[in-house]
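[1] Below are the sequence and a predicted model for it; my questions follow.
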Amino acid sequence: MSSTLLKMDVLHILQTNFVSIIIGFVVIILLWMNRGKQSNSRLPPGPAPIPLLGNLLRMDVKAPYKLYMELSKKYGSVFTVWLGSKPVVVISGYQAIKDAFVTQGEEFSGRANYPVIMTVSKGYGVLVSSGKRSKDLRRFSLMTLKTFGMGRRSIEERVQEEAKMLVKAFGEYRDSVVNPKELLCNCVGNVICSIVFGHRFENDDPMFQLIQKAVDAYFNVLSSPIGAMYNMFPRIVWCFPGNHHEMFAIVNKAKDYIQEQAEIRLKTLNISEPQDFIEAFLVKMLEEKDDPNTEFNNDNMVMTAWSLFAAGTETTSSTLRQSFLMMIKYPHIQESVQKEIDEVIGSRVPTVDDRVKMPYTDAVIHEVQRYMDLSPTSVPHKVMRDREFYNYHIPEGTMVLPLLSSVLVDPKLFKNPDEFDPENFLDENGCFKKNGFFAFGVGKIMLQVVCGLSEFLYLSYPQKNITI
């Protein structure tokens, strides 16, 4: 009898718990379906989300832009996707992106909480901050990069030095096969090092290798499924093993090294002649030390310096690798580039001033960036306050994503969008035309100062000396 009663009690408990679970699950779904119903009711259209997962099951987490491109054909230039329980407004097409991020740039200037990036930055630094912090750091960084060369070695001289080193390294592999990735990453990384630290490193230097490995690990996670899952479910994914933990650890070591270098420089700082980016930032910190609202502090210094490595190294080295690949694949294009270099530069070292005289080479660089589509979407933004955009309501704080790929394959802008063709950036007279180009995103991007200059000199200098 007691055994029968025990079985009945267990069965009753299981039935009760099962019913409770079902009721709880239904409540969660209802709450999710009605969360923010009033504020989300006028969001742009998009595919119906699954509770808790959103549109995740339809998405290639390694390349979500593929789904976005497909949805833009169905829903138009403004639509909504759900990453988990969060709505993301995707803006597609040249005119819509320009209207949002240029015409109304201030309203769309917030940086969204992208968990991988925020775990690294904690909201500090020039690339992920919003509001006053973003304005102050961006203005300072632009001015500092542009004024390098006034009493100091210019960025151009630093790039020229590394370009010579690159040609020398290629010469050592003459008539043999070489993977240029490490050579290019080292050269670009050393340009950034010379700006941030005031000097270059030997390629086998332990701290240089640490920084290079940190940058590589950072982008590997950002472009991986684990990174995509972390961005949607950070607290859950944090509890599981994966390469994201190793990445966070090595990036922290790189940031610690930047902080150590700042402390060393502070002891011998000449405030009238800062020699590198860190010293320039330290001078600004001293100038504003009595301002309680200043954004010039250690955290912002470290993260802004790290941002130069994170954004500049990968962008430039990837573009150069693709450039060399295109030169191999299309030898007639390489011949045209070399012919223009011979006519304009001759035997001297190329300078950035030569770029305006070399429309074909400039067109090749832009076409490489367009064709490779290095950044299908820009860094996620958020609207700073409630906005009406294209007859839709976007609530304050909503993540907004510009779909840059949609511009780069637009047949209205490029006559041969599916082919590699430098003519996409040349007019009927052979002159260079910008043609709605968003390779670095939109608005004022400080890394154009470094990346654009580096790509031109790194392509033209080797092409002047060697045939790939």
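    Structure's in. What do you need?
[2] All the helices of the stretch 251-400 of the chain, in order from the start?
    Per DSSP state H, counting those that start in this stretch, the stretch 251-400 of the chain carries helices over the ranges 277-287, 298-329, 331-344, 359-372.
[3] want to try TSV for these, with distance to Phe219 and mean pLDDT as columns?
    No exception for glycine: its C-beta is placed from N, CA and C like everyone else's. Output for the helices of the stretch 251-400 of the chain, formatted as TSV (distance: least, CB to CB, whole Å; pLDDT from 0 to 100):
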stretch	distance to Phe219	mean pLDDT
helix 277-287	21	96
helix 298-329	5	90
helix 331-344	28	92
helix 359-372	15	91
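[4] could you dump those to JSON lines with distance to Glu156 and mean neighbour count?
    What follows is the helices of the stretch 251-400 of the chain, written out as JSON lines (distance: least, CB to CB, whole Å; neighbours: other CB atoms under 10 Å):
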{"stretch": "helix 277-287", "distance to Glu156": "16", "mean neighbour count": "20"}
{"stretch": "helix 298-329", "distance to Glu156": "14", "mean neighbour count": "22"}
{"stretch": "helix 331-344", "distance to Glu156": "16", "mean neighbour count": "15"}
{"stretch": "helix 359-372", "distance to Glu156": "16", "mean neighbour count": "23"}
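[5] so which of the ones you listed gets nearest Trp238?
    Checking the helices of the stretch 251-400 of the chain against Trp238 by CB to CB gives helix 298-329 as the closest, at 20.4 Å.
[6] Helix 359-372 and the closest one, what's the angle between them?
    Orientation of helix 298-329 against helix 359-372 (axes from the mean of the first three to the mean of the last three CA atoms, to 10 degrees) gives an angle of 110 degrees.
[7] Give me the helices and strands touching helix 298-329, please.
    helix 131-147, helix 181-196, helix 206-222, helix 243-267, helix 277-287, helix 331-344, helix 359-372, helix 447-465 (3 or more CB pairs under 8 Å, 6 or more residues apart in numbering; DSSP states H and E).
[8] picking up where we left off before, closest one to Cys239 among the helices of the stretch 251-400 of the chain?
    Once those are compared by CB to CB, helix 298-329 is nearest, at 25.6 Å.
[9] The helices and strands packed on helix 298-329 into CSV, with extra columns for distance to Phe432?
    Output for the helices and strands packed on helix 298-329, formatted as CSV (distance: least, CB to CB, whole Å):
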stretch, distance to Phe432
helix 131-147, 22
helix 181-196, 24
helix 206-222, 30
helix 243-267, 37
helix 277-287, 31
helix 331-344, 12
helix 359-372, 4
helix 447-465, 12
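[10] where does the stretch 101-250 of the chain have low pLDDT?
    148-153 (pLDDT under 70).
[11] Out of the helices and strands packed on helix 298-329, the one nearest Glu396 is which?
    Comparing the helices and strands packed on helix 298-329 by CB to CB, helix 131-147 comes nearest, at 13.1 Å.
[12] So which bits of whichever helix or strand comes after that closest one are buried?
    Using DSSP states H and E, the helix or strand that directly follows helix 131-147 along the chain is helix 155-172. Neighbour-count burial for helix 155-172 flags 155-156, 158-163, 165-167, 169-170 (criterion: 16 or more other CB atoms under 10 Å).
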